[in-house]
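Participant: Sequence and predicted model, in that order:
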Amino acid sequence: MEIGIYEAKTHFAKLVARVEKGERVTITRHGKPVVVLSPAHGVVREDIDALLGRMQAFREQLAKQGVRVSSREIREWIDEGRP
């Protein structure tokens, strides 16, 4: 989403709510991008969805090879990657 700086100032709280839900907002000045608001955790919802799809595909690939991966193991792998 792109929004002009005046509109962003006027509707800042609403923009923050949208960003909290994973949306990225580009603030422009005279039509030129100057600021990008994104979730503090740095991952956009589309990125999460794509990651989940890749994880599922990987899990299916392992299953074809006879390797079973539990949800608990996946959760542990995810937690290993967090600071």
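Facilitator: Everything's here; your move. Numbers count the residues shown, from 1 in each chain.
Participant: Helices of the protein, residue ranges please.
Facilitator: 5-10, 12-20, 45-64, 71-80 (DSSP state H).
Participant: among those, which is nearest residue 26?
Facilitator: With CB to CB as the criterion, residue 26 lies closest to helix 5-10 of these, at 9.6 Å. C-beta: built from backbone N, CA, C; applies to glycine.
Participant: buried stuff in that closest one?
Facilitator: Across helix 5-10, burial judged by 16 or more other CB atoms under 10 Å covers residue 8.
Participant: on that earlier part again, figure out which of the helices of the chain is closest to residue 37.
Facilitator: Closest among those, once you apply CB to CB, is helix 12-20, at 4.9 Å.
Participant: what does the domain assignment say about this structure?
Facilitator: Domain ranges of the chain: 2-37, 45-80, per automatic domain parsing.
Participant: ranking those domains by burial, who's on top?
Facilitator: domain 2-37 (a mean of 13; mean count of other CB atoms under 10 Å).
Participant: I'd like the domains of the chain as a markdown table, with mean pLDDT appended.
Facilitator: Shown next, in a markdown table, are the domains of the chain (pLDDT from 0 to 100):
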| stretch | mean pLDDT |
| --- | --- |
| domain 2-37 | 91 |
| domain 45-80 | 83 |
